[in-house]
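Colleague: Make a model of this:
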Amino acid sequence: MLDKPGRVGSIAPSSKRLASLMTQEALSAIKQSDGIVVEIGPGTGSITRVLLEHGIAADRLVCIELDPALYQYMTEHFPEVQTIWGDAAALDIILPKKFGKIAAIVSGVPLKNLPLGKEKEIIQLCCSALKPSGKFVQFTYGVRPPAVTSGLQRQFVGFTLFNLPPAFVWSFTKM
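Modeller: Predicted coordinates:
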């Protein structure tokens, strides 16, 4: 975080409790679908690990990481998961067409550290990539939710003190 402020959102990896909140929301989206789950900004894989532990098959999980060092970490520690080196702001370009529409997107991208225009752009790209009733799951460190774009219904999922810093989880369902 000190080395790359704005690109890394926290002084510590996401806690297991935060990852569980996010995973439960993603699981609710894929129960109704045969689609895949995309994780943007997996960092050191703390949410990835919980997604796999909760039964999301490695061949149904795709991770997109912008930072070269974290991308390398993910490929070494999660070789069974397809990890793509790329920017969530180019989601429409870097996700191969073979994936089709996505059942759920779980985001560890520090959206609140980005300019509002970029935050909205990433959320809109995620919305476009989702199947109808698909979910985009995001956490924040403040009470203010991520920006809403048309076509998405926002819902507060939960809050956990068991994270450094404490985190709020939001879900956006594609209408």
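
Colleague: For the rest of this, base every contact and every neighbour count on C-alpha atoms.
Modeller: Noted.

Colleague: what does the top strand by length along the chain contact?
Modeller: The residue-count maximum for a strand in the chain (DSSP state E) belongs to strand 130-140. Applying C-alpha atoms under 8 Å, 6 or more residues apart in numbering, the contact partners of strand 130-140 are 22, 25-26, 29-30, 101-112, 126-127, 146, 167-175.

Colleague: And that strand, what's buried?
Modeller: Residues L130, K131, P132, S133, G134, K135, F136, V137, Q138, F139, T140 are the ones in strand 130-140 that count as buried (16 or more other C-alpha atoms under 10 Å).

Colleague: next one: stretch 64-78
Modeller: Within stretch 64-78, judged by 16+ other C-alpha under 10 Å, the buried ones are I64, E65, L66, D67, L70, Y71, M74, T75, F78.

Colleague: Repeat that for stretch 84-97.
Modeller: Under the neighbour-count criterion of 16+ other C-alpha under 10 Å, stretch 84-97 has I84, W85, G86, D87, A88, A89, L91, L95 buried.

Colleague: is it true that F168 touches T160?
Modeller: Yes. The criterion here is C-alpha atoms under 8 Å, and F168 meets it with T160 at 6.7 Å.

Colleague: More neighbours: which of these two?
Modeller: Using other C-alpha atoms under 10 Å as the criterion, F168 and T160 rank with F168 on top: 22 against 15.

Colleague: which helices and strands does the helix or strand harbouring that one pack with?
Modeller: According to DSSP states H and E, F168 maps onto strand 167-174. The elements that strand 167-174 packs onto, with contact taken as 3 or more C-alpha pairs under 8 Å, 6 or more residues apart in numbering; DSSP states H and E, are helix 16-30, strand 130-140, strand 152-160.

Colleague: Of all these, which one is nearest E53?
Modeller: Shortest distance between E53 and the helices and strands packed on strand 167-174, using C-alpha to C-alpha, is found for helix 16-30: 9.7 Å.

Colleague: orientation of that closest one relative to strand 152-160 in degrees?
Modeller: Between helix 16-30 and strand 152-160, the angle comes out at 150 degrees (axes from the mean of the first three to the mean of the last three C-alpha atoms, to 10 degrees).

Colleague: Let's see helix 16-30 as CSV, backbone CA atoms only.
Modeller: This file holds the C-alpha atoms of helix 16-30, laid out as CSV (Å, rounded to 0.1, in the frame of the first residue of the first chain):
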residue,chain,number,x,y,z
LYS,A,16,-11.7,-14.3,5.9
ARG,A,17,-14.9,-12.8,7.3
LEU,A,18,-15.0,-10.1,4.6
ALA,A,19,-14.2,-12.7,1.9
SER,A,20,-17.1,-14.9,3.3
LEU,A,21,-19.6,-12.1,3.1
MET,A,22,-18.6,-11.4,-0.6
THR,A,23,-18.6,-15.1,-1.4
GLN,A,24,-22.1,-15.8,-0.1
GLU,A,25,-23.4,-13.0,-2.3
ALA,A,26,-21.6,-14.4,-5.3
LEU,A,27,-22.9,-17.9,-4.6
SER,A,28,-26.5,-16.6,-4.5
ALA,A,29,-26.0,-15.4,-8.1
ILE,A,30,-24.5,-18.6,-9.5
